Structures are given as structure tokens and as C-alpha cells.
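Chemist: What follows is a predicted protein model with its sequence.
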Amino acid sequence: MPGDVDHRTQALEGPVKDQGLVGNCSAFSLSSVMDNAVLRMHRSDVIAPEHLWAHYGNSDMGTAGDSNLNKPIALNQTWPYSAKQACELVRDPADECGQLLGVTPNSAPNDAVLQGQYRTAEQSGVYRVTKIERVTSLPTINVEAIVAVLATGADVWAGFDVDVTSWKSTSQVNNVIRDWTTTNAGHAVALAGYRQAAGAGGGRQFLVHNSWGVRWGDHGFAWVNEAMLRQHLHVAYKVTVASPIAAKTGPSTDDECGSGSLVDMITGACAPVCPGGSRRAAGQCLAGR
């Protein structure tokens, strides 16, 4: 494996986002991992965390993944983030974001504007998470498995048990998160690289792409020591994202196709008729059609 990997230097990291006062780091970190996948497709689209969040509205990473699997997700420009709307989407009516933001959690069904944005996003989805594979998890964290994924250029979707004070400390040296022994919260992030740690301690450090805005750490990034991964990482996933469906080209009606051909329902191109007279989908005849 390469000695050091930093997806920022490879132009494989999307923008740092800011979740604000809502506990939806699972949606933000998943969107950042998807941004990385989009950049590896040589595209520059940015995924909307609000749309991901709208599908589940709680803090669980497993639910976040399951609720968004194979669903077309809209771009950030289609549904820009609003912390107040995100709080309305929280499924727990007692969530503290309500008092902090002056809105009612779990009230999204009653917000006509939000529902309109949700319908627009649902109709405008572009990228899909097609697979979520567990790289490692408790009780034994396989750090080398994480390194192997990061070395390919792919981000890792990771959930930590954290000490909030250590993670928010302004006294970080060289943008390294201060080691912590006790935990008081869970937090999901994207891991975006690793490096050999300087100093007598040795070991590696892993690059965190956070969702606390660009004023945190090094413009939204910071390093965490390998020992903290081994002690406090809860789970890590590899996420596979599908590229956009190509726009349809060619004829718009069957009349424009020659004899014995119909418009393919996926590609939009003329294709030979399937047995029984049905049309093809992406060049294939559907079973039983």
C-alpha cells in the first residue's frame, strides 16, 4: 500500500458541508462519501444530504444506508440544506433540535414547502447507492482493511464513539484530534486518507472529512490517530455509487424505427422486437415478455 494517501491532493474530495444543530451526521457523511464516488467518475456533482436525510430521519447509520439503497438521490442544488427543515424531518418529536432551532421535530408532513421540495427531489434523483459493504466493525477493528479501501481512492463511511470535547477542541496540534478515553456521543464521518504519524510515537493517522463546516480543523478536515480507530471506531463501510442513467437519444416513437423494431424502453434507441412482440429494456428481453 502507498505510505501516505490524501484524497484531497488527488482532487477526490467534495465540499465540506455543515450539518448545523441537527444530529444528521449519518446523512452528511454518506453524502460526502458519495461526492467522492462522483469525483472518481470524473464528474463534479454534489449530493444533497437533505434528500438522504428525508428518507429516514434518525441517527442510525444502518437505517441511513438501508433507507437510501438503490434510491435515486438528488443534487445539492436541487434541495439545498436547511437545518430547520432537517429538524422537521427528525422522526423523534422530543429531539433537542426543536428548542435550538425554534421548529417542531417530526412535523415535516405538515410543511407544504418542504413536501414540495421532497417531491421535486424524488423526481430529480441522479445517483444511487447500489451497495454498502462492511469493511470492519467491533469487536475487532481491521485497520488494514480500511487502508486497502482508502488506497484505491475511495472514501470510507465510518462511525465513531467520540468525546465531543476532544473532537471540538480548538487546541488541536497540526489539526490532529486529541486522543480521548471516554465517549459521550456517536458520530459518522468520511475517512479520506492516511499518513505516517510524525514523532516518536509512530503509527498512522487517518484523515477525517467532517460535517461541521470549514472552520473546524483544517478547513473541515482533521487527522485521528490509529490508536483511536482501534479503540473507538464502531463500524466502517465501503459504499458503491452508480453513475447517472444516460439520457435517452434517438427516435421518440416506434413509427420512426424500421420494420421489426421498437424503441428500447431504457436507451431510447431502436432495437429488434422481442419474442411475443414486446420491446427491449437496455437491449434485453424481459423474462416472460
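Modeler: It's in. If you're wondering where the values come from, they're calculated on a predicted model, not measured in any experiment. Numbers count the residues shown, from 1 in each chain.
Chemist: so the residue lying closest to Asp163 once chain neighbours are set aside, which of the three states?
Modeler: Spatial nearest neighbour of Asp163, chain neighbours left out: Trp180 (3.7 Å); criterion: C-beta to C-beta, 6 or more residues apart in numbering. C-beta: built from backbone N, CA, C; applies to glycine. On the three-state scheme (DSSP: H, G, I helix; E, B strand; the rest coil), Trp180 is labelled coil.
Chemist: Quickly note the distance from Trp180 to Tyr194.
Modeler: As judged by C-beta to C-beta, to the nearest Å, Trp180 and Tyr194 stand 19 Å apart.
Chemist: Look at these two and report which has more neighbours.
Modeler: Neighbour count, other C-beta atoms under 10 Å: between Trp180 and Tyr194, Tyr194 has more, with 25 against 20.
Chemist: got a list of what the more buried one touches?
Modeler: 4-5, 146-147, 150, 204-207 (C-beta atoms under 8 Å, 6 or more residues apart in numbering).
Chemist: before we move on, which element is it in?
Modeler: strand 185-196 (DSSP states H and E).
Chemist: With Ala148 instead?
Modeler: Going by DSSP H and E, Ala148 is part of helix 143-151.
Chemist: Give me the contact list for that helix.
Modeler: 1-2, 5, 7, 135-136, 156, 158, 191-194, 204, 206, 226, 229-230, 236, 238.
Chemist: Kindly write the ChimeraX command that selects the buried subset of the contacts of Tyr194.
Modeler: ChimeraX command restricting these to the buried ones, with burial defined by 16 or more other C-beta atoms under 10 Å:
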select :5,146,147,150,204,205,206,207
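Chemist: quick one: which two of the contacts of Tyr194 are the most distant?
Modeler: Largest separation among those by C-beta to C-beta: Asp4 and Ile146, giving 14.5 Å.
Chemist: Next secondary structure after the longest helix along the chain?
Modeler: Longest helix of the chain, by residue count under DSSP state H: helix 25-40. Later in the chain than helix 25-40, the nearest helix or strand by DSSP H and E is helix 49-54.
Chemist: Next one, pLDDT for the spatially most distant residue from the centre of the chain please.
Modeler: The C-alpha centroid of the chain is most remote from Ser259, which lies 46.1 Å away (C-alpha atoms, centre = their mean). For Ser259, the model assigns a pLDDT of 76.
Chemist: Quickly note the distance from it to Val273.
Modeler: The gap separating Ser259 from Val273 is 9 Å, by C-beta to C-beta.
Chemist: Now do Gly116: how many residues are near it, please.
Modeler: 10.
Chemist: Also the one 3 residues further on?
Modeler: Using other C-beta under 10 Å, Arg119 is surrounded by 10 other residues.
Chemist: what are the phi and psi values for it?
Modeler: Note on Arg119: backbone dihedrals following degrees, to the nearest 10 are phi -60, psi -40.
Chemist: thinking again about what came up before, in a strand, that's where the residue farthest from the centre of the chain is, yeah?
Modeler: No - applying three-state DSSP, one finds Ser259 to be coil, outside a strand.
Chemist: residues contacting it?
Modeler: Counting by C-beta under 8 Å, 6+ apart, Ser259 makes contact with nothing.
Chemist: Mind listing the residues bridging to Phe272?
Modeler: Slight slip there: residue 272 is Pro, not Phe. Ser261 (DSSP bridges).
Chemist: Is it correct that it is in contact with Gly258?
Modeler: No - counting by C-beta atoms under 8 Å, Gly258 is not a contact partner of Pro272; they are 9.7 Å apart.
Chemist: hmm, back to that, can you give the strand pairings for the strand holding Tyr194, parallel or anti for each?
Modeler: Strand 185-196 is paired, per DSSP bridges, with strand 5-6 (antiparallel), strand 156-162 (antiparallel), strand 204-209 (antiparallel).
Chemist: Now do the domain split for this structure, please.
Modeler: Taking automatic domain parsing as the reference, the chain has its domains at 5-242, 247-289.
Chemist: Pick the most deeply packed of the ones you listed.
Modeler: domain 5-242 (a mean of 18; mean count of other C-beta atoms under 10 Å).
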